[in-house]
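Participant: let me see the structure of the following:
(one chain, ligands or ions: 1)
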Amino acid sequence: MRISRKVQQFTESVIREMSRHAIELGAVNLAQGFPDFSAPEEIKRAAQQAIAADINQYSITWGARDFRRAIADSFVRWQGTEIDPEREVAVCCGSTEAMIAALLGLADPGEEIIVFEPFYENYNPDVILSDTVMRYVTLHPPKTDSDDWTFDPAELRAAFSSKTRAIIINTPHNPTGKVFTREELELVRDLCLEFDALCITDEIYEHILYDGARHISPVTIDGMRDRTVTINSLSKTYSVTGWRVGWAIAAPELCTGIRKVHDFLTVGTASPLQAAGITALGMPPSYYAELSEHYSARRGLLLAALRSAGFHAWTPRGAYYIMTDISGFGAENDRAFAMQMVREFGIAAVPGSSFYRAGQGGSQQIRFTFCKKTETLERAAANLRNMAEQLRSTAGARA
Ligand code: PLP
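Facilitator: Sure thing, here's the model as predicted:
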């Protein structure tokens, strides 16, 4: 009995593994990025009404027409970019499916895909499953709290070659919270044009921004309209990660490739939830402003708790994660420390190495999420205080 060679190349998701440990051990789950608070009432009601109205059969495989229209309207509203919902939208089962469908539909075996490291852990299996090859560009941690994570333009240039098919841009970025600047995206544009590469973007945190940071969608950069695949979903903006509704927006020819793969991977996304997605995308401006405010308060709470427990925490500019450095604890490595935290101190978080190639980084980093109720974060803060005290007293006893 055996599993495929491709699948042997990756492990199960560490994020989801840590979430399971949290459930088994009754720990506060700051590992996986799903909210533990309610989704907006009007969106839930729209889903219930759609089921009651018998929107229960397959939709058009690449998405119900009125939902694709709502996606196009929302794209004009937020990015100022007109798209044709009949030819340029593929509705998928979350941005997770949109990303793998884009790679399978647009890249040939052996072609290269550039990612910034650390990266969202799904991209590695996506690349393996699509028989493409990952090229990495390092993101360096900020030196001061007013800086963001940065990369070396020369290293980015060196990653591009005639083999490059695409670069994946995730902005705002998981796990670092980096928000890519216009200047950085223009550099990416110059290289995509020079090397005839695509830009596949993952923008699922586009509405979760802090300290005046602005989300810039790569498709809006001059020259990128037809070589960008923009991926997004309802999951994070509307707190419905379990609905599995996402989409890819791409020029007609590219979109055909994505739609074909999607058709045979999943046929389609839940029809009543696409109907409810129309209500979600039509939420008033106040909804989006409140979303960032709500997360900003939680970010403050968790940053303070982590820092006073002894973590070096980098302030995120967007998304809802905090990447930390654990060197101050003298831990053997990130995984051992994360396991100790979940077993002994009741806090589940993600070992940093799961966002890097094996052995290439993160061994002194841990990622925490703050997309949780204030009570949950306060419980985590109490556990962190207790952890800091116990570790200090153990260190004192040893000295
Ligand atoms: N992309 C990034 C960067 C993420 O952080 C996540 C989930 O945490 C996903 C994609 C998955 O999104 P979806 O629920 O739309 O599949």
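Participant: quick check: which element contains R367?
Facilitator: Here R367, judged by DSSP states H and E, is contained in strand 365-369.
Participant: need the next SSE after that strand, C-terminal direction.
Facilitator: Toward the C-terminal end, the helix or strand that comes next after strand 365-369 (DSSP H and E) is helix 374-398.
Participant: who does that following helix touch, helix- and strand-wise?
Facilitator: If you count contacts as 3 or more CB pairs under 8 Å, 6 or more residues apart in numbering; DSSP states H and E, helix 374-398 packs onto strand 28-29, helix 285-309, helix 334-344, strand 347-348. Using the backbone N, CA and C atoms, a C-beta is placed for each residue, glycine as well.
Participant: so which residues make contact with that helix?
Facilitator: Under the contact criterion CB atoms under 8 Å, 6 or more residues apart in numbering, helix 374-398 has outside partners 27-28, 30, 36, 297-298, 301-302, 304-306, 308-310, 329-330, 341, 344-347, 368, 370, 372.
Participant: any residue of stretch 238-258 touching the ligand?
Facilitator: Yes. Interface with the ligand: stretch 238-258 contributes 241, 246 (CB under 6 Å from any ligand atom).
Participant: tell me how far stretch 339-350 lies from the chain's centre.
Facilitator: Averaging C-alpha positions (CA atoms, centre = their mean, to the nearest Å) puts stretch 339-350 22 Å from its chain's average.
Participant: would you mark the buried spots in that stretch?
Facilitator: By neighbour count on 16 or more other CB atoms under 10 Å, the buried set for stretch 339-350 is 340-342, 345-350.
Participant: would a markdown table of the helices and strands packed on helix 374-398 with mean pLDDT and distance to the ligand be doable?
Facilitator: Output for the helices and strands packed on helix 374-398, formatted as a markdown table (pLDDT from 0 to 100; distance: least, CB to the nearest ligand atom, whole Å):
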| stretch | mean pLDDT | distance to the ligand |
| --- | --- | --- |
| strand 28-29 | 96 | 13 |
| helix 285-309 | 96 | 14 |
| helix 334-344 | 95 | 17 |
| strand 347-348 | 96 | 15 |
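Participant: among these, which is the most enclosed?
Facilitator: strand 347-348 (a mean of 28; mean count of other CB atoms under 10 Å).
Participant: packing partners of it?
Facilitator: helix 14-25, strand 28-29, helix 334-344, helix 374-398.
Participant: mind listing what the closest residue in space to L302 that isn't next to it in sequence touches?
Facilitator: Nearest non-adjacent residue to L302, counting by CB to CB, 6 or more residues apart in numbering: F370, 4.3 Å away. Counting by CB under 8 Å, 6+ apart, F370 makes contact with 30, 295, 298-299, 301-302, 320-322, 377.
Participant: 7 Å - rerun?
Facilitator: With contacts defined as CB atoms under 7 Å, 6 or more residues apart in numbering, the neighbours of F370 are 298-299, 302, 320, 322, 377.
Participant: okay, the helices and strands packed on strand 347-348 in a markdown table with distance to C92 next?
Facilitator: A markdown table is the format used below for the helices and strands packed on strand 347-348 (distance: least, CB to CB, whole Å):
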| stretch | distance to C92 |
| --- | --- |
| helix 14-25 | 19 |
| strand 28-29 | 26 |
| helix 334-344 | 31 |
| helix 374-398 | 30 |
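Participant: deepest of those, which one?
Facilitator: strand 28-29 (a mean of 24).
Participant: list the neighbouring strands of that one plus their orientation.
Facilitator: strand 347-348 (parallel) (DSSP bridges).
Participant: give me the contacts around the partner strand.
Facilitator: Residues contacting strand 347-348 (CB under 7 Å, 6+ apart): 18-19, 21-22, 27-31, 341-342, 380, 383-384.
Participant: how about those residues, which pair is most distant?
Facilitator: Using CB to CB, these span at most 18.4 Å, a distance reached by S19 and L384.
Participant: need the pLDDT of I15.
Facilitator: The model reports I15 with a pLDDT of 87.
Participant: what parts of this structure come near the ligand?
Facilitator: So the chain meets the ligand at 33, 94-96, 120, 170, 174, 202, 204, 233, 235, 241, 246 (CB under 6 Å from any ligand atom).
Participant: let's see it at 5 Å
Facilitator: Taking CB under 5 Å from any ligand atom, the part of the chain that reaches the ligand is made up of 33, 94-96, 120, 170, 174, 202, 233, 235, 246.
Participant: and for the closest residue to the ligand within the stretch 1-150 of the chain, the neighbour number?
Facilitator: Going by CB to the nearest ligand atom, the ligand is nearest to G94 of the stretch 1-150 of the chain, at 2.7 Å. G94 has 21 neighbours, counted by other CB atoms under 10 Å.
Participant: doesn't S233 make contact with it?
Facilitator: Yes. Counting by CB atoms under 7 Å, S233 is a contact partner of G94 at 5.3 Å.
Participant: list residues touching both of those two?
Facilitator: Listed contacts common to G94 and S233 are 245-246; contacts here mean CB under 7 Å, 6+ apart.
Participant: ok, for the residue nearest in space to the middle of the chain, nearest residue in space, not its chain neighbours?
Facilitator: By CA atoms, centre = their mean, the chain has its centre lying nearest to N174, at 4.9 Å. Once flanking residues are discounted, N174 sits nearest to Y120: 4.8 Å by CB to CB, 6+ apart.
Participant: quick check: the residue of the stretch 1-150 of the chain closest to the ligand vs L234, distance?
Facilitator: Using CB to CB, to the nearest Å, G94 is found at 9 Å from L234.
Participant: which residues do the two both contact?
Facilitator: Common neighbours of G94 and L234 (criterion: CB under 7 Å, 6+ apart): V245.
Participant: all strands of the stretch 151-300 of the chain, in order?
Facilitator: Assigned by DSSP state E, counting those that start in this stretch, the stretch 151-300 of the chain shows strands spanning 164-170, 198-202, 228-233, 246-249.
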